[in-house]
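Trainee: coords below, sequence missing:
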């Protein structure tokens, strides 16, 4: 199996390494591992075997040997957040509150119907295509929410996350249309 990391993936995980202490980073890695295990489980049930893992600016991308049908793709997309919610409950009952909270946030965030996230993959599998207008409106709403949080003194994390995700969503939207956004 091939392993790879994009420049943005290296930047993202380097920043997380610098900003989080050891316990926070391990809590996040446990939440991410549970999330990705959900994807792997459904893909394995579909007969797909991962042949490459890529650490990107929006998380882990799995390239697999067999393209699942639309129902399989929908299940695989939703399996990550579902496994994350299961980990959230297990971590909570085991007393790992930070990992439980991070897993809950990761799961809910990943359900947003934006192309680089699981919610976007699920949307494409359900309707057969992405909906750029919906994605761009959600990016604008997320940016507005992030700026509102920053203005209210809640910190700039939401605005930074929304901006980072908007860049990837716009790039995916432009890639999927030959002449850019129309």
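Mentor: Sure, I can see it. Please read these numbers as outputs of a predicted model, since none were measured by experiment.

Trainee: Tell me the secondary structure at the nearest residue to residue 165 once chain neighbours are set aside.
Mentor: Of all residues not flanking residue 165 in the chain, residue 114 sits nearest, at 6.3 Å (Cβ to Cβ, 6 or more residues apart in numbering). Where you see a C-beta, it was placed from the backbone N, CA and C, and this is true even at glycine. Using DSSP: H, G, I helix; E, B strand; the rest coil, the three-state assignment for residue 114 comes out as coil.

Trainee: give me phi/psi at residue 114?
Mentor: Backbone torsions for residue 114, taken as degrees, to the nearest 10, come to phi -110, psi 140.

Trainee: Equivalent analysis for the one 3 residues further on, please.
Mentor: Geometry field for residue 117 lists phi and psi as phi -100, psi 170, criterion degrees, to the nearest 10.

Trainee: who's in contact with it?
Mentor: Residues near residue 117 by Cβ atoms under 8 Å, 6 or more residues apart in numbering: 58, 109, 110, 111, 165.

Trainee: In which helix or strand does the last one reside?
Mentor: With elements delineated by DSSP states H and E, residue 165 resides in helix 157-176, which encompasses its position.

Trainee: chain center to that helix, what's the gap?
Mentor: 12 Å (Cα atoms, centre = their mean, to the nearest Å).

Trainee: which residues sit against it?
Mentor: So helix 157-176 is contacted by 12, 57-58, 109, 114-117, 120, 130, 132, 135-136, 138-139, 142-143, 145-147, 149-150, 180-181 (Cβ under 8 Å, 6+ apart).

Trainee: ok, now stretch 70-88?
Mentor: Residues from elsewhere that reach stretch 70-88 (Cβ under 8 Å, 6+ apart): 30-31, 34-39, 41-43, 46, 48, 67-68, 99-101, 103-104, 106-108, 110-111, 118-119, 121-122, 124-126, 128.

Trainee: before we move on, back to that, is it possible to get JSON lines of the contacts of residue 117 that adds distance to residue 72 and pLDDT?
Mentor: Formatted as JSON lines, those follow (distance: Cβ to Cβ, whole Å; pLDDT from 0 to 100):
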{"residue": "58", "distance to residue 72": "22", "pLDDT": "77"}
{"residue": "109", "distance to residue 72": "23", "pLDDT": "86"}
{"residue": "110", "distance to residue 72": "18", "pLDDT": "89"}
{"residue": "111", "distance to residue 72": "18", "pLDDT": "90"}
{"residue": "165", "distance to residue 72": "26", "pLDDT": "76"}
